[in-house]
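Asker: The amino acid sequence is not available; the structure is as follows:
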């Protein structure tokens, strides 16, 4: 029951934590994303899940992808927009977003300010799938989504 | 891939979310706690874990307990103190706290303001254990903990 300093990890502005490295968003440089970083906040086997913090600079965006595993998201910093299935939504600090299995999703910063969110996932999960040309065309058939994707 | 309104649940001050009821902290009224409420933010089987938001009014506190399962905590609102094993720590918004298996822990609001935190747990978990008289005496042998428990 000894309390090492690692049991309490201090937050410090701007959105960093003691002992939590700011990592590249993905190792795979072939996937399209921009100006986004990953910080893994909790990832021990007994939890069965992981809590990550993703943050993008103004103009940044995450990969447009889908997968079998679900995401549970809470916005932690700023405002942004997200593509969620067949809709584009504005999201603000502390909003909750559920991303079900096989739902296309992407987050984009807005407003010229950094945008960050917590993402909880099952520790056992599949790899994301990127849209092929047909899937991208189907998404872009919706003018709102086409405008969102840019 | 239809996007029902339930996939995005809006945050609204003071610390509530659309469609998330503010529940009693515990159903078991025999455990000692004060002025604390529970809001379950994410709890679907495919996640393997749950994310809850606990909030206590000024002067409130959670149950002093321990268990086999681990807690992963992020402070979301205000400042407070927590007993974590053999130490009392001050905690502030966005600090991260890891509570390992069988570690005595309790959270207390300070500063006359509400205090809230996210708590991530494995969906499959054991029931908490309360301290018996001997365990409580052992904890109180530490003057800092005795002062914390009041």
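Answerer: Received, thanks. Just so it is clear, the model here is predicted, and its values are computed rather than measured.
Asker: any low-confidence regions in chain A?
Answerer: By pLDDT under 70, the weakly predicted segments of chain A are A:1-5, A:27-30.
Asker: What segments of it are helices?
Answerer: For chain A, the helices defined by DSSP state H cover A:133-140, A:143-149.
Asker: Output those as JSON lines; include the columns mean neighbour count and distance to chain B.
Answerer: All C-beta spots, glycine's among them, are computed from the backbone N, C-alpha and C. What follows is the helices of chain A, written out as JSON lines (neighbours: other C-beta atoms under 10 Å in any protein chain shown; distance: least, C-beta to the nearest C-beta, whole Å):
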{"stretch": "helix A:133-140", "mean neighbour count": "13", "distance to chain B": "10"}
{"stretch": "helix A:143-149", "mean neighbour count": "14", "distance to chain B": "11"}
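Asker: So which residue is smack in the middle of chain A?
Answerer: Nearest residue to the geometric centre of chain A (C-alpha atoms, centre = their mean): residue A:54, 5.2 Å.
Asker: pretty sure that residue is in contact with residue A:36, am I right?
Answerer: Yes. Between residue A:54 and residue A:36 there is a contact at 6.1 Å, judged by C-beta atoms under 8 Å.
Asker: Find residues that contact each of those two.
Answerer: A:25, A:62 (C-beta atoms under 8 Å, 6 or more residues apart in numbering or on different chains).
Asker: Can you show me the strands along chain A?
Answerer: Ranges of strands within chain A are A:8-9, A:11-12, A:16-17, A:23-24, A:34-42, A:49-61, A:71-77, A:80-84, A:87-91, A:96-99, A:105-109, A:115-122, based on DSSP state E.
Asker: quick one: which of the ones you listed is nearest residue B:134?
Answerer: strand A:8-9 (27.2 Å; C-beta to C-beta).
Asker: TSV please, covering the helices of chain A and showing distance to residue A:118.
Answerer: Converted to TSV, the helices of chain A look like this (distance: least, C-beta to C-beta, whole Å):
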stretch	distance to residue A:118
helix A:133-140	26
helix A:143-149	22
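Asker: wait, which of those is closest to residue A:76?
Answerer: Across the helices of chain A, closest to residue A:76 is helix A:143-149 (C-beta to C-beta), at 21.5 Å.
Asker: Can you name every helix or strand that that closest one contacts?
Answerer: strand A:80-84, strand A:87-91, strand A:105-109, helix A:133-140 (3 or more C-beta pairs under 8 Å, 6 or more residues apart in numbering or on different chains; DSSP states H and E).
Asker: distance between the ends of stretch A:129-148?
Answerer: 19 Å (C-alpha to C-alpha, to the nearest Å).
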